[in-house]
Structure formats: C-alpha cells, structure tokens
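Asks: Give me coordinates for this.
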Amino acid sequence: MSTDFTETEHAVLCWLATSDAQNRPNVSPKEIYAQTGETQLVIADIASARSVRNIRANPAVCVSLIDVFLQRGRKLEGHAEIIAPDDPEFSQLAAPLLAMTGDAFRIRHVISVRIERSSRILAPSYLVRPDRSEADLRADACRLYGVRPPSD
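Replies: Numbering: from 1, shown residues only. The predicted model follows:
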C-alpha cells in the first residue's frame with residue numbers, strides 16, 4: 001500500500017467522510033492533521049462533534065487530501081478511533097497536532113485513522129490532457145482561483 005504523502009504536501013485541508021448509524025453520509029474539512037506512521041493518520045477534533053458521533057457509530061471513514069494547485073492527492077480509506085484526553089495514548093497522538101496549533105485551538109479528541117487502502121486522486125485533466133506539465137496545472141489553478149503560485 002502506497003501512503004506517499006509527498007504529492008499532497010501543499011494540501012491545507014483534508015476532508016473526512018463519515019456516516020452515521022443509519023448510513024447518512026457527512027463530509028467535513030479538517031485543517032489539523034498529521035501522518036504518524038506508514039498506516040496511521042491523526043486528525044484534531046477541534047469542532048467535529050458530528051464526525052466524532054458518526055465514528056463512534058460507524059468507524060469506517062474515508063479521508064481525501066488534495067493539492068488544489070496540482071489537482072491531485074490521496075484517498076485514504078480505513079477505520080477511525082476516537083481518542084479522548086484521558087486515554088493513555090492521547091498525549092503521544094496529539095503531540096504532532098499540538099506542534100502545529102500551539103495553543104490556538106483546543107483539541108477535544110484525536111481522531112486516529114488506521115489506513116487500510118490508499119489510492120491516488122487525479123483531476124480529470126490528467127486523463128484528458130496528459131501532456132500538461134505540473135507548472136501548467138499550477139498556473140491554470142492559480143488563474144482559476146485568483147491567487148499567486150505557492151512558493152516551494
């Protein structure tokens with residue numbers, strides 16, 4: 001299983017998809033996350049009451065990480081576990097998240113995702129116009145979004 005995150009190094013959000021006990025889907029952005037092992041991703045629960053509730057009812061999740069400028073990323077499928085502050089693992093799992101946030105956000109729980117499948121996400125332009133370079137894709141995205149290119 002490839003969990004190479006280098007193609008998503010400029011992703012600023014990940015999208016966590018969950019479903020409740022009645023299989024009603026929910027997707028929400030998460031801005032504080034870190035890969036902590038070959039098959040583990042941790043996500044900060046800052047304001048994720050519905051995601052937490054859904055994971056407790058149905059731990060199957062899907063996480064998308066996309067570099068919007070290169071229009072590619074990773075889809076991670078697996079099972080999540082909610083780690084509360086009183087859990088012995090909380091401090092260790094929250095450490096990389098706290099390193100990102102400092103005291104800007106209170107982390108209510110850590111959502112620990114055990115990655116079971118990983119696959120690439122590619123915009124249709126990769127298939128329709130395979131001759132496009134990364135520089136072309138980045139320039140097009142910057143024009144589309146009205147932003148300056150990110151510095152590498």
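Asks: how about the one helix or strand in the chain whose mean pLDDT sits lowest: buried residues?
Replies: One helix or strand of the chain scores below all others by mean pLDDT, DSSP states H and E: helix 134-145, with a mean of 78. By 16 or more other Cβ atoms under 10 Å, the buried positions in helix 134-145 come out as 137-138, 141. Using the backbone N, CA and C atoms, a C-beta is placed for each residue, glycine as well.
Asks: Same check on stretch 118-131?
Replies: Within stretch 118-131, the residues scored as buried using 16+ other Cβ under 10 Å are 118, 121, 123.
Asks: out of those, which are inside strands?
Replies: Among the buried residues of stretch 118-131, the members found in strands (DSSP state E) are 118, 121.
Asks: Out of the buried residues of stretch 118-131, which is nearest to residue 61?
Replies: Distances from residue 61 to the buried residues of stretch 118-131, taken as Cβ to Cβ, are shortest for residue 118 (13.0 Å).
Asks: burial measure for residue 55, as a count.
Replies: Counted by other Cβ atoms under 10 Å, the residues lying close to residue 55 total 25.
Asks: Touching, it and residue 19? I think so.
Replies: No. In this structure residue 55 lies outside contact range of residue 19 using Cβ atoms under 8 Å: 9.6 Å.
Asks: how about low-confidence regions in the protein?
Replies: Counting by pLDDT under 70, the chain contains low-confidence residues at 1-10, 149-152.
Asks: Would you mind measuring from residue 110 to residue 59?
Replies: 14 Å (Cβ to Cβ, to the nearest Å).
Asks: Which one's more surrounded, those two?
Replies: Taking other Cβ under 10 Å, residue 110 and residue 59 do not tie; residue 110 has more neighbours (27 against 15).
Asks: What helix or strand is the more buried one located in?
Replies: With elements taken from DSSP states H and E, the one containing residue 110 is strand 109-122.
Asks: same thing with residue 44?
Replies: Using DSSP H and E, residue 44 sits in strand 40-45.
Asks: Can you give the contact residues for that strand?
Replies: The contact list for strand 40-45 (Cβ atoms under 8 Å, 6 or more residues apart in numbering) reads 14, 16, 30, 32-36, 51-52, 63, 76, 82, 93-94, 96-97, 101, 105, 107-115.
Asks: rewinding a little: which of the buried residues of stretch 118-131 lies closest to residue 130?
Replies: Within the buried residues of stretch 118-131, the smallest distance to residue 130 is 11.6 Å, found for residue 123 (Cβ to Cβ).
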